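**Student:** Provided below for reference: sequence and predicted model.
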Amino acid sequence: MNALVSQTGRSVIFTIGSDHGRKGRLRYSCGMSTAHTTQAIEIVYRRDARRVFATLVRLLGDFDLAEEALHEAFRAALEQWPEHGLPGNPSAWLVSAGRFKAIDTIRRQARFTSTETMAVPLEAIADETAPTDDAAELEDDQLRLIFTCCHPALAPDAQVALTLREVCGLTTEEIARAYLTPAPTVAQRIVRAKAKIRDAKIPYRVPEANELAARMPSVLRVLYLVFNEGYSPSSGALLTRADLSHEAIRLTRLIADVLPPPPSAEVHGLLALMLLHESRRAARTDDTGNLIPLEEQDRTLWHADLIAEGCALVEKALQMPSIGPYALQAALSAVHAEAQRAEQTDWGQIVGLYDELLRMEPSPVVALNRAVAVAMHSGYAQGIALVDELLTLPAMQDYHLAHAARADLCRRLHRWEEARASYQAALALVQLEPERRFLERRLSESQID
């Protein structure tokens, strides 16, 4: 989410991302403003803006009205806090200010618009003269917002775009850049999704206990997609986008902490998977941004606290009923994390976990990962045979990692001509720039036969 508060004399400049991705620069005269107060306002924005927004959606019943109310609440904060000081509960103050600003807007609108055509009638606003000060209520509102944005009535790509915009606070342009999609296309998806929620009267609530099992997969899928786009983007110049990954972890942790028991093994599994992947972020690239493969990473750079938490969550998930693909993938990551050196990796256990994952979720990508594990456990030639079988599938012929896996196994066997051909095939398909540089480096190294 974008926020910038800076001080110039007696004025404050505040930059905030709007619903359509435009950034407005607002200048307010704030009396005896201090650097301390303006810095505090920026901290509150970064920490609480989307939580406040979620509560405003509940109170106002409309996404766009809530976004404008959030904007107006921070305008009021910029005008009043430097002079009067920070309130004891900034979030509650902002919710209250935003709600009353919205009521004023609706009353002004009512002078010129019939109640039948008004977007949000005044009587539809939740009757709360004093919004709750309870932080738990703000968290509950975030859960309501997540489940609304990930409602199965919305198209999958709309669920992702709406979650990134409304829950995570990314602008339309940021979402478009992350997914290499034109900004107008992303904006249309968001507008259509909001219209669907309004017209279909999709309820703004956390599903009842008997509905959670059916609704949870779509929520976890969206959060995993958000995390993956931050950790391993599908394309672009950057290898990672930590802001997306951190937001996905925060939201998954919120679901794990706040949802009523019994918790789902898959919620714990997904959180563990994210934490274990995140623990390796600092070791994934060198100082120039070049990709470092797992077996060559400096494991002293791995984040020990994240590994400990992730492994504990894996153990908890594997002891619960209804183990699913996220828990198994987290268990796979835990095996890697527990090896202090690459040669100590328990590849036999990894093959066994992939066998179970392939049984539960059969897919060519899972089969490819299993083939690499078999190669490391039983021999490179056996792995190449499995990869070659997968490359007969049309979907895998266009998957650059399948060709890259074959190239790497051929390189290990010094089958240089085959390695070069597979590296070239992978390079023709790769879209992520750091991966391209890595493959080019490997191809150059193979020119030694």
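**Tutor:** Okay, I see it. Numbers count the residues shown, from 1 in each chain.
**Student:** In this structure Leu276 contacts Val335, no?
**Tutor:** No - between Leu276 and Val335 there is no contact under CB atoms under 8 Å: 9.9 Å. Just so you know, the C-beta spots here come from the backbone N, C-alpha and C atoms, and that holds for glycine as well.
**Student:** which residues in the protein form strands?
**Tutor:** 3-8, 11-17, 23-29 (DSSP state E).
**Student:** Leu276 and Val335: which has the busier surroundings?
**Tutor:** Leu276 (27 against 20; other CB atoms under 10 Å).
**Student:** OK, contacts around Leu291?
**Tutor:** By CB atoms under 8 Å, 6 or more residues apart in numbering, Leu291 lies in contact with Leu239, Arg284, Thr285, Pro434, Glu435, Arg437, Phe438.
**Student:** Could you rerun that using 7 Å?
**Tutor:** Leu239, Arg284, Thr285, Pro434, Glu435, Phe438 (CB atoms under 7 Å, 6 or more residues apart in numbering).
**Student:** what bits of the stretch 301-449 of the chain have low per-residue confidence?
**Tutor:** 448-449 (pLDDT under 70).
**Student:** The stretch 151-300 of the chain now?
**Tutor:** 180, 233-240, 260-263.
**Student:** All the helices of it, in order from the start?
**Tutor:** 156-162, 172-179, 183-199, 209-231, 242-258, 265-278 (DSSP state H, counting those that start in this stretch).
**Student:** give me every residue that touches Ala404.
**Tutor:** Going by CB under 7 Å, 6+ apart, the list of residues near Ala404 reads Ala426, Leu439.
**Student:** hmm, 8 Å instead?
**Tutor:** Ala404 makes contacts with Ser422, Tyr423, Ala426, Val430, Leu439, as judged by CB under 8 Å, 6+ apart.
**Student:** same deal with Glu247?
**Tutor:** Cys168, Val226, Gly230.
**Student:** isn't the second one right up against Leu244?
**Tutor:** Yes - in this structure, Val226 sits in contact with Leu244. The criterion is CB under 8 Å, and the distance is 5.6 Å.
**Student:** Give me the more crowded residue out of these two.
**Tutor:** When Val226 and Leu244 are compared for neighbours, Val226 comes out ahead with 26 against 23, by other CB under 10 Å.
**Student:** pretty sure Arg420 contacts Ser444?
**Tutor:** No - with contact defined as CB under 8 Å, Arg420 does not count as touching Ser444 (9.9 Å).
**Student:** Neighbour count: those two, which is higher?
**Tutor:** Higher neighbour count among Arg420 and Ser444: Arg420, with 19 against 11, using other CB under 10 Å.
**Student:** show me what contacts the more buried one?
**Tutor:** Counting by CB under 8 Å, 6+ apart, Arg420 has contacts Ala407, Leu443, Ser446, Gln447.
**Student:** nearest to Met320, of those residues?
**Tutor:** Ala407 (39.5 Å; CB to CB).
**Student:** gap between that closest one and Ser363?
**Tutor:** 22 Å (CB to CB, to the nearest Å).
**Student:** And those two? Which one has more around it.
**Tutor:** Using other CB under 10 Å as the criterion, Ala407 and Ser363 rank with Ala407 on top: 26 against 12.
**Student:** Pro184: neighbouring residues, count only.
**Tutor:** Using other CB under 10 Å, Pro184 has 11 neighbouring residues.
**Student:** so Thr55 sits right up against Asp141, yeah?
**Tutor:** Yes - look at Thr55 against Asp141 with CB under 8 Å: they come within range, at 4.4 Å.
**Student:** neighbour count winner among these two?
**Tutor:** Taking other CB under 10 Å, Thr55 and Asp141 do not tie; Thr55 has more neighbours (30 against 24).
**Student:** Can you give me the distance of that one to Asp104?
**Tutor:** 18 Å.
**Student:** Equivalent analysis for Val167, please.
**Tutor:** Val167 is 27 Å from Asp104, by CB to CB.
**Student:** Compare the two (neighbour count), which wins?
**Tutor:** It is Val167, of Val167 and Asp104, that has more neighbours when counted by other CB under 10 Å, with 23 against 12.
**Student:** residues contacting that one?
**Tutor:** Val167 touches Arg50, Ala54, Gln142, Leu145, Ile146, Cys149, Leu251, counting by CB under 8 Å, 6+ apart.
**Student:** neighbours of the residue nearest to the fourth one when sequence neighbours are not counted, just the number please.
**Tutor:** Spatial nearest neighbour of Leu145, chain neighbours left out: Ala54 (4.2 Å); criterion: CB to CB, 6 or more residues apart in numbering. Counted with other CB under 10 Å, the burial measure for Ala54 works out to 26 neighbours.
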